[in-house]
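here is a sequence together with a model predicted from it:
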Amino acid sequence: MKTLIVLALAGLGAQLVDGSLGMGYGVTSTTLLLALGTNPAAASATVHLAEIGTNLVSGLSHWRFGNVDWGVVAKIGVPGAVGAFAGATVLSHLSTEVAAPVMQLILLALGTYLLVRFTLRGIDRRHLGKPMRKRFLAPLGLAAGFVDATGGGGWGPVSTPAILASGRMEPRKTIGSIDTSEFLVSVAASLGFLFALGDQGINVGWVLALLAGGLVAAPVAAWLVRYVPPRLLGAGIGGLIILTNARSLLKSDWIDADAGTRYAVYAVVYLVWAAAVAWSYREYRKDRAQESADAVTAAAELRAEADRLARAAEPASPNRVAELDETTSVPAGRPSAPQV
């Protein structure tokens, strides 16, 4: 019962992160399941089965808040489903001894990417509003779907930053569209695991616990995406994923590090993580101040333009007519005779 409560709380927290950041549910949940000793393929299958429900509710919630671009959902979601099915099939045929470290390395890389991406880079807005092309979205979806199934998570960490980096979609629509398209990926990955594994190693109670927590958090996350600073949240969850998977790898048969080495690595990770969160918060404050200054400047320019247009459109008053008469020069004396 204690494990189910922990999983439900983990599902709630992971979905809050995923729904407001566009990534994190699969990576966070799979990391926890691996720490509990679950088989890598079964862990990924468990998470993807739970994600079918959470992604459906999350997608509907994002749609209600106007956060979804259905064209992007179709262009990236269908290739993503193909990649996820292939990834599930590959992972299901790897031995546990090989699959566990491979999955932990993928998760460690994704956590590092999250930490670096959201600590050092903001949102590029120069190309905002330009259309997203299929030749960009299709291969991105295929790769992200494959990584998602083999790593137990990765759809968001691969696809969301790539679209954000393009600067063609505003963050809330990027996150809403990626969350919605992940429903197709989750269904395809789940089918791949079920065809390859059956129900071997899949704990239905764990699936329902993760699902219950995610369902509670999904509508809240769709609302929070308008207010939560992505840089701060991305740095926070990235550091957590790095710490958890570094711990698992250091204790694995691949490395089997002694206690002194492990604690030294943990100390470094904690220091880097704290510095990244502090830097992200500092940059977030700077971005907010710059956005406020830009908004004030834009408002002043709009007011000036509105005043200019109003003056140009107002009818001529008697005083204005008098001013015009005074400035209009009329020749004195008799008019000259017309020339023949």
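Structure's in. What do you need?

show me what contacts residue 265?
By Cβ atoms under 8 Å, 6 or more residues apart in numbering, the contact set of residue 265 is 246, 250, 257. The C-beta positions use only the backbone N, C-alpha and C, and glycine is treated the same way.

what's the neighbour count on the second one?
Other residues near residue 250 come to 18 when the count uses other Cβ atoms under 10 Å.

also the last one?
Residue 257 is flanked by 15 other residues according to other Cβ under 10 Å.

might one say that it is in contact with residue 250?
Yes: contact criterion Cβ atoms under 8 Å: residue 257 and residue 250 qualify, at 4.4 Å.

quick check: buried residues in stretch 166-185?
166, 168-185 (16 or more other Cβ atoms under 10 Å).

list the ones among these that fall in helices.
Here DSSP state H is the test, and the buried residues of stretch 166-185 give 166, 171-185 as lying in helices.

what average pLDDT does stretch 184-191 get?
In this model, stretch 184-191 carries a mean pLDDT of 94.

for stretch 221-234, same thing?
72.

next one: stretch 105-112
Rounded mean pLDDT across stretch 105-112 is 81.

can you tell me what sits against that stretch?
By Cβ under 8 Å, 6+ apart, stretch 105-112 touches 27, 30-31, 147, 150-154, 157-158, 237-242, 245-246, 249.

mind running it again at 10 Å?
23-24, 26-28, 30-31, 34, 147-148, 150-154, 156-158, 237-246, 248-249, 254, 272 (Cβ atoms under 10 Å, 6 or more residues apart in numbering).

show the contacting residues for residue 81.
Going by Cβ under 10 Å, 6+ apart, the list of residues near residue 81 reads 141-142, 145, 181-189, 191-192.

where's the closest residue to it other than its chain neighbours, which helix or strand?
In space, residue 81 comes closest to residue 188 once its chain neighbours are excluded; the distance is 3.7 Å by Cβ to Cβ, 6 or more residues apart in numbering. Using DSSP states H and E, residue 188 sits in helix 171-197.

that helix - contacts with which helices or strands?
Identification of packing neighbours for helix 171-197 by 3 or more Cβ pairs under 10 Å, 6 or more residues apart in numbering; DSSP states H and E yields helix 2-21, helix 25-35, helix 40-64, helix 70-92, helix 134-151, helix 155-166, helix 204-224, helix 230-251.

now find how far off-centre that helix is within its chain.
14 Å (Cα atoms, centre = their mean, to the nearest Å).

stretch 184-202 too?
25 Å.

can you tell me the number of residues neighbouring residue 194?
The burial count for residue 194: 17, using other Cβ under 10 Å.

would you check that it makes contact with residue 52?
No: at 11.6 Å, residue 194 and residue 52 do not qualify as touching, with contact defined as Cβ atoms under 10 Å.

what's the farthest-apart pair in the ones in helices among the buried residues of stretch 166-185?
Largest separation among these by Cβ to Cβ: 166 and 183, giving 22.5 Å.

who touches residue 181 in this structure?
Residue 181 neighbours (Cβ under 10 Å, 6+ apart): 55, 59, 68-70, 72-81, 137, 141, 144-145, 155, 159.

which ChimeraX command selects the buried ones in those?
Those of the contacts of residue 181 that count as buried under 16+ other Cβ under 10 Å are selected in ChimeraX with:
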select :55,59,68,69,72,73,75,76,77,78,79,80,81,137,141,144,145,155,159
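
if we can go back for a sec, joint contacts of residue 257 and residue 250?
What both residue 257 and residue 250 touch, as defined by Cβ under 10 Å, 6+ apart, is the set 263, 265.

could you count how many residues lie near the residue nearest to residue 81?
Neighbour number of residue 188 under other Cβ under 10 Å is 25.

contacting residues around it?
Applying Cβ under 10 Å, 6+ apart, the residues near residue 188 are 48, 77-78, 80-88, 145, 148-149.
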